[in-house]
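>>> based on what follows, work out the 3D shape:
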Amino acid sequence: MRIGELAETVGVTTRTVRHYHHLGLLPEPERRSNGYRDYGLRHAVVLARIRRLTELGLGLTEVRDVLADDAGRDLVEVLTELDEDLARQESAIRERRARLRTLLDSGELPAEGPVSPELTAVFSELTHTSTTSTLPADSPMAAKDREMLALLDTVATPAERARIMDLVGSAVATPDAVARAHEAYALLDALADTEHPVDPADPRVDEAARALAACVPATLLPEGSPVDQDSGFLRAFYADFAPAQAEAIRRMLRLVTRGRP
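Got it, this is the predicted structure:
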């Protein structure tokens, strides 16, 4: 058989046959006097087995192990490992689909999405405006807060994410709590006046810090958290705010970590 005939018989491409030759999976046949490879039935049998193994999901390295005559791994062992790996993938896919279904069933997704269902619920609570709230719907500070929560939702460990989401969720569990958050956002938004920059020593900075601290659970940040440490992340964090806003947040973090909301 010529290479094209072999490939057509087994149901693969000639490129695949040549690739298997290159990897040493399929022995090279002898060539005729005209230079063409002359494939026999044995080549078709081996090629068909390679196809069956790869269709099960084995990688070509595993196929080589199975085909080896001397130091090869037992086929049952290889297939058992494959079955276990597929079971793990199946479980992961079910979990991902369940998360997707929860997000889709929650209604309108937040602009920062996709985020966890827990954070989606927190965002939903924060969008319920109180009759006493003066927060505009497009509050820049509220948007930054949502972005930071989405960042934590992504980078925190599962256990830490669950702890944070539980604390944040409890902090906005009542209409009064949501109203306090809105009022704190409004105070912080007022510190970002670009036409008349607010001096960090302005009394409104301390007012905003205390209002924000009253919204933050005392245990959100572990005791002794380095809120004043000169780290790259903190520099980038504070640089994202107007100077007066950054000072208000810095004072809020000090109040919270000292347990004095």
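
>>> going forward, measure contacts and count neighbours with C-alpha atoms only.
Noted.

>>> where does this structure have its least confident helix or strand?
Every helix and strand in the chain was compared by mean pLDDT, DSSP states H and E; the lowest is helix 117-126, with a mean of 74.

>>> ok, then the element right after that one?
helix 140-155 (DSSP states H and E).

>>> so which bits of that next one are buried?
141-142, 146, 149-150, 153 (16 or more other CA atoms under 10 Å).

>>> any chance of the residues you listed in JSON lines with distance to V78 and pLDDT as columns?
Shown next, in JSON lines, are the buried residues of helix 140-155 (distance: CA to CA, whole Å; pLDDT from 0 to 100):
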{"residue": "M141", "distance to V78": "55", "pLDDT": "87"}
{"residue": "A142", "distance to V78": "53", "pLDDT": "84"}
{"residue": "R146", "distance to V78": "47", "pLDDT": "82"}
{"residue": "L149", "distance to V78": "44", "pLDDT": "84"}
{"residue": "A150", "distance to V78": "41", "pLDDT": "84"}
{"residue": "D153", "distance to V78": "38", "pLDDT": "83"}
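
>>> and of the residues you listed, the nearest to D85?
Closest approach to D85 among the buried residues of helix 140-155 (CA to CA): D153, at 27.8 Å.

>>> can you tell me how far the closest one is from R146?
10 Å (CA to CA, to the nearest Å).

>>> please report how far the residue of the chain positioned farthest from its centre lies from P158.
Relative to the mean C-alpha coordinate of the chain, counting by CA atoms, centre = their mean, the farthest residue is S33 (59.4 Å). If you measure S33 against P158 using CA to CA, the figure is 66 Å.

>>> P117 reaches R99, doesn't it?
Yes: look at P117 against R99 with CA atoms under 8 Å: they come within range, at 7.3 Å.

>>> looking at those two, which one has more neighbours?
P117 (20 against 15; other CA atoms under 10 Å).

>>> distance of that one from V256?
P117 sits 27 Å away from V256, going by CA to CA.

>>> before we move on, back to that, mind listing residues that contact the least confident helix or strand of the chain?
Residues from elsewhere that reach helix 117-126 (CA atoms under 8 Å, 6 or more residues apart in numbering): 99, 102-103, 106, 109-110, 146, 149-150, 153, 165, 168-169, 172-173, 178.

>>> so, low pLDDT: which residues of the stretch 101-250 of the chain?
Low-confidence segments of the stretch 101-250 of the chain, defined by pLDDT under 70, span residues 106-113, 125-138, 194-195, 221-231.

>>> and this protein, what are its domains?
Domain assignment for the chain by automatic domain parsing gives 3-73, 109-257.

>>> can I get these in JSON lines with distance to L82?
Output for those, formatted as JSON lines (distance: least, CA to CA, whole Å):
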{"stretch": "domain 3-73", "distance to L82": "7"}
{"stretch": "domain 109-257", "distance to L82": "28"}
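
>>> deepest in the core, which of those domains is it.
Ranked by mean neighbour count, those are led by domain 109-257 with a mean of 17 (mean count of other CA atoms under 10 Å).

>>> right, I'll call it a day here.
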